[in-house]
Structures are given as C-alpha cells and as structure tokens.
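In: I need the structure of the sequence given here:
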Amino acid sequence: MPYKIQKFVTNELGTNCYIAYDDNGDAVMVDPGGRADLLLKFLRDKNLNLRVILNTHAHIDHIASNATVKEATGAIIGVNPIEAFLLGDATANGADYFGWPYTEHEADFALNDGDFVGYGHMKFKVVHTPGHSPGHVCLVDAENMVIFAGDLVFKGSIGRWDLPGGDRETLMVSLHKFLKFPDGATVYPGHGDITTVAVEKRTNPYLLDLLETVAAEDPSGH
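Out: Next up, the predicted model:
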C-alpha cells in the first residue's frame, strides 16, 4: 500500500481518529474528535504536512478538534453538505451537551456522494451511508482495500440510529451498501477495533441477520 495509517483514540467516547500518510510526507486526517495535542505531535514527529481533514459525519466526538488542527496546519476540512451546518452549531452537534470546548467553524469543501477526495496517493471515494446521521459517509479506497467506516459498522456491531437525524430503516439500506464492499477490505471504524468486511459478514450479528433477510428475499442470490 502506498501509504500508512495510524489510529488514535481521542476522547472518553472512544472515538477513533486516523492519519493516513505517505513517503512524501503528505497526510490526510479522518475524524479528529479530540486530543489535538496528540494528533499534532504525531504530525510534527513524523514531519508530515497535513493537507486535508475528512469528517465521516458531524457529531461532536468526530469533529471536536477540526478547528484547532486546521489552525495549526492549514489543512482544509470536508464534510457532507447535509451536515455542514453542524460544524458551526455547538448545540446541534452535541458540544454543549457534553460540555466540551469547541470552536465553531465552517467546512472548506463538500463530501458529495461519488466524489473522490484526499490528497496524493490517499484518494477515497465518498459513499453516502445515512442512518446513523443524515449526512454520514464512508470513505473508500477500493484499490488499496481501505474503508473509513465512521459509525456505520463496528467490529461486531453497527452504529446507533436513535440520535437526532438517525433512522433504522435508512441505516439498513446503508448496510446493504457495506455488504457490497470488497471482502478483503480493511475497515477502520469510528469506534473500537479495526476489522475487515469479510470478518464482519461472517461474525457481526446485525450483518448476519441482514444477509439472511437478503437471501430469503432473493434465494437465487442475484
């Protein structure tokens, strides 16, 4: 793979942030949900130039350090336009509820379904996967078998749908999209351990139930 990926757990909700970086010293960050000091130290220690910050969605635990990291690095911020307003509303995104310090800010560009985003060797297709939240996206590098899944799928579980804007039926439709991702792809979830599509299709009870439903609806497998 032409780049490396480093995982960080950035807050008390166990939110994962990822930094992808290549040998040229360029980097892309996914979901800086806190611990800006830790993230910036890693960039400095590795002598990396952070180019882009990508948010899978705009709940506070995934965006809390956006503004701080951008100010320190000059990186531009991308989020799905459905949730762009949340970056500038500490009440709506949950910062006020948790009492977390937060700097309201704006996105620099949109993560529209089907777009390719990132920098250099690190290019990801935006796949709109609502249900956990209306503007949730997965970031997929099919060539290198990498999926930043946000809060769509976790190891052994799936994202909750009972938060504002969440919807169970919509989430199920998005999980159908997940089932079509390459089995060998590594899944970097928003919480918990790194996994693969194949492992989740084989062991995740929610996906097993979904696969059984799909099989019952279409026994031919088409």
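In: what are the ranges of the helices in this structure?
Out: For the chain, the helices defined by DSSP state H occupy 36-45, 60-63, 66-73, 95-98, 168-179, 197-203, 205-217.
In: I'd like the mean pLDDT over the fourth one, please.
Out: Here the mean pLDDT over helix 95-98 is 97, rounded to a whole number.
In: same thing with stretch 143-156?
Out: 98.
In: of the helices of the chain, flag the one that's most buried.
Out: helix 60-63 (a mean of 26; mean count of other Cβ atoms under 10 Å). From N, CA and C alone the C-beta is placed, and that goes for glycine too.
In: off-centre distance for that one?
Out: The chain centroid and the centroid of helix 60-63 are separated by 10 Å under Cα atoms, centre = their mean, to the nearest Å.
In: please apply the same query to stretch 115-125.
Out: 14 Å.
In: how about the helices of the chain in a markdown table, adding distance to Gly88?
Out: Shown next, in a markdown table, are those (distance: least, Cβ to Cβ, whole Å):
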| stretch | distance to Gly88 |
| --- | --- |
| helix 36-45 | 18 |
| helix 60-63 | 11 |
| helix 66-73 | 10 |
| helix 95-98 | 11 |
| helix 168-179 | 24 |
| helix 197-203 | 34 |
| helix 205-217 | 33 |
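In: shaky segments in this protein?
Out: Applying pLDDT under 70 to the chain flags residues 215-222.
In: residue ranges of the strands in it, please?
Out: Counting by DSSP state E, residue ranges of the strands within the chain are 3-9, 16-22, 26-30, 49-54, 76-79, 109-110, 116-119, 122-128, 137-141, 146-150, 153-154, 157-158, 186-189, 195-196.
In: lovely, talk soon.
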